[in-house]
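Asker: predicted structure and sequence below. I'll ask about it afterward.
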Amino acid sequence: MNAPMMNAPINASAELLRVSGLQMRFGGLLAVDGIDFDVRKDEVFAIIGPNGAGKTTVFNCVGGFYKPTAGDVTLDGHAIAGLPSHMVARKGLVRTFQNIRLFKNLTVVENLLVAQHRQVQAGLLRGLFATPAYRRAEREALERAAVWLERMNLTSVANREAGTLSYGHQRRLEIARCMITRPRLLMLDEPAAGLNPQEKLELSQLIDQLRKEFGIAVLLIEHDMSLVMGVSDRILVMEHGKPIVIGKPEEVRNDPRVIKAYLGED
């Protein structure tokens, strides 16, 4: 994981996720209004903005936790707006959370096995009678878990309860739990929160590595600007629920509208 980070070339025709006219209203509060963006295959796309800009609301609408008031969300051309989160996940869009949501009383490896329950395809009767198909599915699930334990440097803590891990290890386990489901789009909500500088560097390298090796797209919310600027291909900046600008990191960094949103003006 020491390879230098390089932004992969973007194929403009290889659109994976499309968000159009997204609006989310909570009673009389219009939390998100007029959000339009696309995420392309193999791309790292970031959404940034001051606190209260509406970033997490957009994430929750895309991931199936909120049903948008208006607008369309499509994944590879198929409408997913309003679908519950478990159905969105089955279509290949998975996410982490700002507040880590692991099964903290289960071991690390058990967390990875639980994540595979939809793919194991081993029914109750097969399990009760320990049929060959059940044993094979169980063995394959363990093998996949071992691969991701090794990849995430978690093998040494595989049998520890997830809640006893350091914050950095918990973040890695959360990402491993997503990746073991073989997603097409990985959504990361504040993945650098609580990490030390070395862990943030390793996270940047991990995001870049996952994109390159597995061909997935990454949709990212993050406050750490050095991480965002270093790993993103394009960035959407939001303020007060509305889009300000969308562009490449160098374009966003120097845009006066972005500077005003973050720093204000006299």
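Answerer: On my side now, so go ahead.
Asker: give me the number of neighbouring residues for the residue nearest to residue 222 when sequence neighbours are not counted.
Answerer: Nearest residue to residue 222, sequence neighbours excluded (C-beta to C-beta, 6 or more residues apart in numbering): residue 228, at 5.1 Å. C-beta here means a position set from N, CA and C on the backbone, and glycine is covered the same way. Using other C-beta atoms under 10 Å, residue 228 is surrounded by 22 other residues.
Asker: backbone dihedrals for residue 233, please?
Answerer: Residue 233 adopts backbone torsions of phi -90, psi -40, taken as degrees, to the nearest 10.
Asker: how close does it sit to residue 246?
Answerer: Counting by C-beta to C-beta, to the nearest Å, the separation of residue 233 from residue 246 is 11 Å.
Asker: so between these two, which is more surrounded?
Answerer: Shown here are residue 233 and residue 246; by other C-beta under 10 Å, residue 233 has more neighbours (20 against 17).
Asker: the more buried one touches residue 248, doesn't it?
Answerer: Yes - using C-beta atoms under 8 Å, residue 233 is in contact with residue 248, at 7.2 Å.
Asker: stretch 39-57: which residues count as buried?
Answerer: When burial is assessed from 16 or more other C-beta atoms under 10 Å, stretch 39-57 yields the following buried residues: 39-49, 53-57.
Asker: pick the one among these closest to residue 25.
Answerer: Closest approach between these and residue 25, by C-beta to C-beta: residue 57, at 10.2 Å.
Asker: how far does stretch 32-51 stretch from start to finish?
Answerer: Start-to-end span of stretch 32-51 (C-alpha to C-alpha, to the nearest Å) is 13 Å.
Asker: that older thread, confidence score at the residue nearest to residue 222?
Answerer: The per-residue pLDDT reported for residue 228 equals 96.
Asker: show me what contacts it?
Answerer: Contact analysis of residue 228 by C-beta atoms under 8 Å, 6 or more residues apart in numbering lists 46, 48, 220, 222, 235, 249.
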